[in-house]
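**Q** What shape does this take:
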Amino acid sequence: MKYTTLPNTDIKVSKICLGTMTFGQQNTEADGHAQMDYALEHGVNFFDTAEMYSVPARQETYGSTEKIIGTWFKKTGKREEIVLASKIAGPNPNFTYMREKNDFSPASIKFALDQSLQRLQTDYIDLYQLHWPERKANFFGQRGFKVQDDAWEDNIHSVLETLDGFIKEGKINYIGLSNETPWGIMRFLEESKNFNLPRIKTVQNPYSLLNRQFEVGSAEVCMRENVGLFAYSPMAFGVLSGKFLTGESHPNARIKLFPQFSRYNSEQCTEATRLYQEVANKNGLSLTELALAFIEQQPFVTSTIIGATTVQQLKENIDTIKVSLSEEILKEIDAVHAVIPDPAP
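**A** Numbers count the residues shown, from 1 in each chain. So this is what the prediction gives:
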């Protein structure tokens, strides 16, 4: 395994992070425990979760992933060996079962954090993230910023003050953002700098061969401001394994089980995947190796979040840390990107 540190800290994290959102839906508690055992045994010391998991989010499975991680901590006693990240859900009218109001008010943050700590069976979370903005700025399936009615009033100072209180209490060590825009990242950094409030360490956004929009704006922000990217969906819901190019049905695949996740189902995504498969074949790599190695060696990526439904998939993903792509291969990847840029919104 390769390691780095959370920006502006001395916390060592593996360059591969175990994503856990399948625990409690596609994976049982026993499956989740087996994945965490395997990941830690192979050097992965960084786990990411969220209060809304498992996915797809629904009332019946709300909090199930955190509960499974919590029972693993209790069983193994290995909480201190793990850098643990979780998230508070932002506004969504379908998530009223989580709490009366899904916002980042002091009361909501306190309730969400305390509930997460209880489910996780721990006294603290190493990295606590805002899962998506309160303002109408970034939606799954939407490409770019859309001007629209937005009643949001800038409360970033209040949010940072609230999180600062929980840091001082010892319930949180560090904070981060997720699904953020360049403006949002800079706005948080500005407020922390001007008022000596906690500084965000990371942002967790989608980044893959099929979605390189992070490179436009956000990558420069992260490099110049020393904010780390946690890249999620690096395999594009399994599309970048190449398994959907074979003609087989794969009925248990995420995009088959949950057709509402159509982000990577377009003809453009299929064609781009086929072209990336050709690049991988030409260079003696699997498409999985090509896709993950590309993300892992980007200088603005702190850690790549991988999610698997089987230990075998997890093994293949973790093993990609040994792969290094040459400048020639990177040029071939960029040539495909130039023909079909960012097919997934």
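
**Q** Now do the contacts for the residue located most distally from the centre of the chain.
**A** Relative to the centre of the chain, and counting by CA atoms, centre = their mean, the farthest-placed residue is residue 282 at 30.0 Å. Residue 282 makes contact with residue 332, according to CB atoms under 8 Å, 6 or more residues apart in numbering. Bear in mind the C-beta positions are built from the backbone N, C-alpha and C, glycine included.

**Q** what's downstream of the host helix or strand of residue 32, the next helix or strand?
**A** Per DSSP states H and E, residue 32 falls inside helix 29-41. The helix or strand immediately downstream of helix 29-41 is strand 46-48, counting by DSSP H and E.

**Q** Now do that following strand: which elements does it pack against?
**A** On a contact count with 3 or more CB pairs under 8 Å, 6 or more residues apart in numbering; DSSP states H and E, strand 46-48 meets strand 16-19, strand 83-88.

**Q** List the strands paired with it, with their directions.
**A** Within its sheet, strand 46-48 is paired with strand 16-19 (parallel), strand 83-88 (parallel), according to DSSP bridges.

**Q** could these be laid out in TSV, adding mean neighbour count?
**A** As requested, the strands paired with strand 46-48 are arranged in TSV below (neighbours: other CB atoms under 10 Å):
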stretch	mean neighbour count
strand 16-19	27
strand 83-88	25
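
**Q** would CSV of those strands with distance to residue 344 and mean pLDDT be doable?
**A** Output for the strands paired with strand 46-48, formatted as CSV (distance: least, CB to CB, whole Å; pLDDT from 0 to 100):
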stretch, distance to residue 344, mean pLDDT
strand 16-19, 18, 98
strand 83-88, 22, 98
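
**Q** mind giving me a markdown table with these and columns for distance to residue 111?
**A** Formatted as a markdown table, those follow (distance: least, CB to CB, whole Å):
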| stretch | distance to residue 111 |
| --- | --- |
| strand 16-19 | 25 |
| strand 83-88 | 9 |
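
**Q** so which of those strands comes closest to residue 64?
**A** Closest of the strands paired with strand 46-48 to residue 64 is strand 83-88, at 13.3 Å (criterion: CB to CB).

**Q** The helix or strand that that closest one is followed by: which residues count as buried?
**A** Counting by DSSP H and E, the element after strand 83-88 in chain order, helix or strand, is helix 106-120. Across helix 106-120, burial judged by 16 or more other CB atoms under 10 Å covers 108-109, 111-113, 115-117, 119-120.

**Q** Pick out the most distant pair among those.
**A** 108 and 120, at 18.2 Å, using CB to CB across the buried residues of helix 106-120.

**Q** what's the nearest residue to residue 32 if we skip its chain neighbours?
**A** Distances taken as CB to CB, 6 or more residues apart in numbering place residue 23 nearest to residue 32, at 3.8 Å, with adjacent residues excluded.

**Q** quick revisit: distance from the chain centre to the helix holding residue 32, please.
**A** Relative to its chain's centre, helix 29-41 lies at 18 Å (CA atoms, centre = their mean, to the nearest Å).
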